[in-house]
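Student: Take a look and give me a structure for this.
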Amino acid sequence: TREHLFLVLVSTGLACLAGIPLGVLAAFSPRLRQPVLAATGVLQTIPSLALLAVLIPLLGMIGTVPALVALFVYALLPIVRNTCTGILQVPAGLRTAALALGLNGRQRLLHVDLPLARPVILAGVKTAAVMSVGTATIAAFIGAGGFGERITIGLALNDNTMLLAGAIPAAVLALLTQAAFELLERALAPPRVHGQAHV
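Tutor: Next up is the predicted model:
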C-alpha cells in the first residue's frame, strides 16, 4: 500500500507542478494552446507497457523512476486540459474589473483567475489521481512494487487468490481517492447563502 501510494502521490504532485502552469500558458496564449493540448493528448495515447519499455533504456534503469515518469506523463493531460478550460471560463468582465482595480497580470491570475478556475482544476487533478491508481498496477512489471506486484505474481502462477489480493485493494484505493477528492471539492466550494435578506 505504501509503495502504491508513493507512486500515485509523487507522480500526481509532479504532474500538478508542471501541468497547472502549462494549462495557464495554454489559456493565455492561443498560439500555444493547440500544440500544448495536442502534445499532452498524444502522450496519453501511448500504451503504458510500451511507454515503460521505452523509458527503461532511456533512463538506464528499472523500478520506481521509470514508473514515476510514466505515471507523470499520463497524469498531465487531465490537469493541463482542465486548468486551461477553467481559466478560459472566467468571465471577461471580472478580468476587466480586476485590471480597473489596479491588479497586474500576476495578481489577477493569483486572486481572480485561479480561485475561480479551482473547481475545474481540482476535477482534473482528481481524474489524474484516480487514473494513476489504476495505471500504477502496471509498474510492477518493471519492479516498482505496489499492488501490481500481487497481480503479476497471480498471473504468473495462475493464482486467482493472489490476483484478487492485488486487484481488490487497488480498486478500493481508487474509490477512496475519488471520495477524498469529492470531500475536498465540497470543503473548498463557496458557501451558499440561505434565505432572503431582511430590510
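Student: Poorly predicted segments of this structure, please.
Tutor: For the chain, the stretches with pLDDT under 70 are 190-199.
Student: So which residue is smack in the middle of this structure?
Tutor: Geometric centre of the chain, nearest residue: Ala128, 2.9 Å, by C-alpha atoms, centre = their mean.
Student: So what's the gap between whichever helix or strand that one is part of and the chain middle?
Tutor: Element membership for Ala128, per DSSP states H and E: helix 114-135. Remark: helix 114-135 is offset 5 Å from the chain centroid, using C-alpha atoms, centre = their mean, to the nearest Å.
Student: so the helix or strand following it versus helix 114-135, what angle?
Tutor: Sequence order places helix 148-157 as the next helix or strand after helix 114-135, per DSSP H and E. Angle, helix 148-157 to helix 114-135, by axes from the mean of the first three to the mean of the last three C-alpha atoms, to 10 degrees: 30 degrees.
Student: Contacts for helix 148-157, please.
Tutor: By C-beta atoms under 8 Å, 6 or more residues apart in numbering, the list of residues contacting helix 148-157 from outside reads 3-4, 136-141, 159-167, 170. Any C-beta I mention is one placed from the backbone N, CA and C, and that applies to glycine too.
Student: What subset of those residues is buried?
Tutor: Among the contacts of helix 148-157, those classed as buried by neighbour count (16 or more other C-beta atoms under 10 Å) are 3-4, 136-141, 162-163, 165-167, 170.
Student: And the nearest residue to Thr40 once chain neighbours are set aside, how far from Cys84?
Tutor: Spatially, and ignoring its direct neighbours in sequence, Thr40 is nearest to Leu77 (4.4 Å; C-beta to C-beta, 6 or more residues apart in numbering). Distance, Leu77 to Cys84, using C-beta to C-beta, to the nearest Å: 11 Å.
Student: do Leu49 as well
Tutor: 29 Å.
Student: same deal with Gly19?
Tutor: For Gly19, the distance to Cys84 - C-beta to C-beta - is 10 Å.
Student: and if you look at Ala187?
Tutor: 24 Å.
Student: more crowded one of the two?
Tutor: More crowded of Ala187 and Cys84, by other C-beta atoms under 10 Å: Cys84, with 27 against 7.
Student: Now do the same contact list for that one.
Tutor: Contacts of Cys84 by C-beta under 8 Å, 6+ apart are 23-24, 26-27, 33, 36-37.
Student: re the thing from before, next, count neighbours for the residue nearest to Thr40.
Tutor: The local packing of Leu77 (other C-beta under 10 Å) involves 23 other residues.
Student: Kindly indicate whether it is helix, strand or coil.
Tutor: Secondary structure, DSSP: H, G, I helix; E, B strand; the rest coil: Leu77 is helix.
Student: Please determine how far it is located from Glu182.
Tutor: Taking C-beta to C-beta, one finds Leu77 at 21 Å from Glu182.
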